[in-house]
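Peer 1: Sequence first, then the predicted structure, then my questions.
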Amino acid sequence: MGGERAAVTSWLIWCQAKKHWAAPTVPADAERRKETADKTRAVAKATIHRLLSRRDIPLREKTLWRMLYETAARAAEILALNVEDLDLEDRRAPVRSKGGATEWVYWDSGIAHLLPRLHRLQSVRTVMA
């Protein structure tokens, strides 16, 4: 609750100082919970390459997984991308961050090779439909 306690305290101070509302204070003896260390480890690059080289995984999923790996972006940011917004030449795309700001994600050669293949595949499916 370390971050939550600080946020509540900050908000209560704002209520008193800016809005002149009567607001309680966080008791001084309120204990801060010990935060546990996040022991999540990144997936090894060799594991990612093995997974992406499998022939039984569709190109769309391979592209998504590699995009997530190469950009380190959140899944929601990548899934919200529009094809028209991809800058294939500069290997980047604008994403909307959690705070609402526009930021850029950049990718490496793996995605640079997969995106045109995926686009061609999608175009063929559209024409055939």
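Peer 2: That came through fine. Numbers count the residues shown, from 1 in each chain.
Peer 1: which stretches of this protein aren't confidently modelled?
Peer 2: For the chain, the stretches flagged by pLDDT under 70 are 1-3, 124-129.
Peer 1: Centroid-nearest residue for it?
Peer 2: R74 (1.2 Å; Cα atoms, centre = their mean).
Peer 1: distance of it from A80?
Peer 2: For R74, the distance to A80 equals 10 Å [Cβ to Cβ, to the nearest Å]. (C-beta placed from N, C-alpha, C; glycine too.)
Peer 1: likewise A101?
Peer 2: 14 Å.
Peer 1: neighbour count winner among the two?
Peer 2: Using other Cβ atoms under 10 Å as the criterion, A101 and A80 rank with A80 on top: 11 against 8.
Peer 1: quick one: that one and S97 touch, right?
Peer 2: No - here A80 does not reach S97: they are 11.1 Å apart, not a contact under Cβ atoms under 8 Å.
Peer 1: Please name the residues that touch the residue nearest to the centre of the chain.
Peer 2: Counting by Cβ atoms under 8 Å, 6 or more residues apart in numbering, R74 touches K98.
Peer 1: From here on, call the first residue 31.
Peer 2: Fine by me, first position is 31 from now on; the one you just mentioned is R104.
Peer 1: Ramachandran angles for it?
Peer 2: Per-residue torsions, R104: phi -70, psi 150 (degrees, to the nearest 10).
Peer 1: do the same with the one 5 residues further on
Peer 2: Recorded main-chain torsions at L109 are phi -70, psi -20, according to degrees, to the nearest 10.
Peer 1: All the strands of this structure, residue numbers only.
Peer 2: Using DSSP state E, the strands of the chain run over residues 122-126, 132-136.
Peer 1: Show me what the last one pairs with in its sheet, parallel or antiparallel.
Peer 2: With DSSP bridges as the criterion, the sheet partners recorded for strand 132-136 are strand 122-126 (antiparallel).
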